[in-house]
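Q: Sequence first, then the predicted structure:
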Amino acid sequence: QLQLAESGGGLAQPGGSLRLSCAASQLILQGVYAIAWFRQARGKEREGVACIAADGTTTQYVDSVKGRFTVSVDNPLNTVYLQMNNLKPEDSGVYFCAARDYRCSAYLRPYEYDVWGQGSQVTVAS
């Protein structure tokens, strides 16, 4: 059974950068899983941020992070990354990675993803 584990969260200043990692217990891509990143701020609903499909090249982002966040995959390491640049306080929250079969869902709704990691806290503050 696929398992996911996030790491790399922490504290960053506005304008700074962090890189999150999502390590999988088995092969992620090569025609198997799409991996998405979600975040949840305190008191708010979980929202989709970015996704990379099983082909390893098709990506999508929510408008608020386009041009600042990049999702990528390292197949030999079974790891998906979320590089976050030019961070803003509103990027703060618990970040989760999640998996579903092959394609990213069109609107990155949490219920469309089957397997979840435990989450990693990201705090952007001066």
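A: Looks like it came in fine. Just so it is clear, the structure is predicted and the values come from calculations on it, not from any experiment.

Q: Surely Q60 and C104 touch.
A: Yes: contact criterion Cβ atoms under 8 Å: Q60 and C104 qualify, at 5.5 Å. C-beta coordinates here come from the backbone N, C-alpha and C atoms, glycine included.

Q: Strands along the chain, start to end?
A: 4-7, 10-12, 18-24, 33-40, 47-52, 59-61, 69-74, 79-84, 93-101, 115-116, 120-124 (DSSP state E).

Q: among those strands, which is the most enclosed?
A: Ranked by mean neighbour count, these are led by strand 33-40 with a mean of 25 (mean count of other Cβ atoms under 10 Å).

Q: Looking at strand pairing, list the partners for the residue positioned nearest the centre of the chain.
A: Nearest to the mean C-alpha position of the chain, counting by Cα atoms, centre = their mean, stands W37 at 2.3 Å. Beta-bridge partners recorded for W37 (DSSP bridges): A50, C97.

Q: OK, contacts around F38?
A: Residues in contact with F38 (Cβ atoms under 8 Å, 6 or more residues apart in numbering) are R46, E47, G48, V49, Y95, F96, C97, A98, L108, P110, Y113.
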